[in-house]
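# What would the 3D arrangement of this be:
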Amino acid sequence: MDAMDSSHSQPTATSDPAAPPRPPTGLRAMVVEDEAPLAKLIGSYLERDGFETAITGDGAGAVTLARQVDPDVVVLDLGLPGLDGVEVCRQLRTFSDAYVVMLTARTEEIDTLIGLSVGADDYMSKPFSPRELMARIQAMLRRPRAGIAAPRPADSTTTTAADLIHRVGDLTLDVDGREVTVDGRPVALTRTEFDILAALARDPGVVLTRAQLIEAVWGPSWAGDAHLVDVHVGHLRRKLGDDATRGRYVRTVRGVGYKMGAGQ
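Numbering: from 1, shown residues only. Presented below is the predicted three-dimensional model:
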């Protein structure tokens, strides 16, 4: 059985005997989970996929560990004792742009929204399939960077520097340098927030549906709640000093999706 209940899972010496370990990828992962058997099982899958993996069951210790190992991916349990997953994620986002997958045993929507609002890139409810977790992590790592890897229009054969610098009012988006400024001040965005903004900026007059944004940012193989886009857009707006009513930089098109605003 691949699906598991974290309260009864036991780690195995080999996470999937049919799949030989992959060569080291040079990528680092951190598992933050206070249930040791579950943490070890997740760690075994990550190591099998070539990740150098660190494991901790302590929220406060996770923040310190993240500064030491500089992970590319963090698998983070929401219900940690002491410093919970939401606060750990909030602190991580002050110095790390690692992909964060939040795990939760509580399926109420509010838990999901709270976790994503502090910068989690994805979430999974327990019990879950370790293979699905790894598939989502791999999809995040290989997803196209909006504005760079996205296909060009049929009548365009080259990419110029102008294609990678977008200006909307006081906002400047440098796709190649992955930098955003508003009125000359840098804005710290997570990878996901940046990629959503870049996807919208690439075709500023076009409305993108949630499904189109998911395909552009998370990739066509991603499967999850489409409302994840709304949460990230809300977080992006707050960082840009924007809101849904004004829509200076990100406009909501009711019943359809989102497009770039006019900067006013």
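# ok, D84 - how many residues close by?
Residues near D84, counting by other CB atoms under 10 Å, number 17. Heads up, the C-betas are built off the backbone N, CA and C, glycines and all.
# Report the distance from the one helix or strand L46 maps to to the chain centre.
In this assignment (DSSP states H and E), L46 forms part of helix 36-48. Relative to its parent chain, helix 36-48 has a centroid offset of 20 Å by CA atoms, centre = their mean, to the nearest Å.
# avg pLDDT for it?
For helix 36-48, the mean per-residue pLDDT is 95.
# counting contacts, what elements does it pack onto?
On a contact count with 3 or more CB pairs under 8 Å, 6 or more residues apart in numbering; DSSP states H and E, helix 36-48 meets strand 28-32, strand 52-56, strand 73-77, helix 130-142.
# you'd agree A39 is up against A29?
No: contact criterion CB atoms under 8 Å: A39 and A29 do not qualify, at 11.6 Å.
# re the thing from before, need the helices and strands packed on helix 36-48 in a markdown table (columns: distance to R185).
Converted to a markdown table, these look like this (distance: least, CB to CB, whole Å):
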| stretch | distance to R185 |
| --- | --- |
| strand 28-32 | 31 |
| strand 52-56 | 34 |
| strand 73-77 | 28 |
| helix 130-142 | 28 |
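# Tabulate those (a markdown table), appending mean pLDDT.
Formatted as a markdown table, these follow (pLDDT from 0 to 100):
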| stretch | mean pLDDT |
| --- | --- |
| strand 28-32 | 96 |
| strand 52-56 | 96 |
| strand 73-77 | 96 |
| helix 130-142 | 88 |
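# Output those in CSV; the columns should cover distance to D121 and mean neighbour count.
Below are the helices and strands packed on helix 36-48 laid out as CSV (distance: least, CB to CB, whole Å; neighbours: other CB atoms under 10 Å):
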stretch, distance to D121, mean neighbour count
strand 28-32, 14, 26
strand 52-56, 18, 19
strand 73-77, 9, 25
helix 130-142, 6, 17
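# Residue nearest the middle of this protein, spatially speaking?
Centroid-nearest residue in the chain, with CA atoms, centre = their mean: D121, separated by 2.4 Å.
# one step back: now do the helix holding L46 and strand 73-77, the angle between them.
Helix 36-48 runs at 170 degrees relative to strand 73-77, counting by axes from the mean of the first three to the mean of the last three CA atoms, to 10 degrees.
# Which residue ranges of this protein form helices?
For the chain, helices defined by DSSP state H occupy the ranges 36-48, 59-69, 85-92, 109-117, 130-142, 191-202, 210-217, 228-240.
# what residue ranges in the chain score low on pLDDT?
1-23, 107, 109-111, 113, 115, 143-163, 223-224 (pLDDT under 70).
# Would you indicate which residues of the helix holding L46 are buried?
Neighbour counts over helix 36-48 (16 or more other CB atoms under 10 Å) mark 37-48 as buried.
# of those residues, closest to G57?
A39 (6.3 Å; CB to CB).
# Number of residues surrounding the closest residue to I114 other than its chain neighbours?
Once flanking residues are discounted, I114 sits nearest to V86: 5.5 Å by CB to CB, 6 or more residues apart in numbering. By the criterion of other CB under 10 Å, V86 has 22 neighbours.
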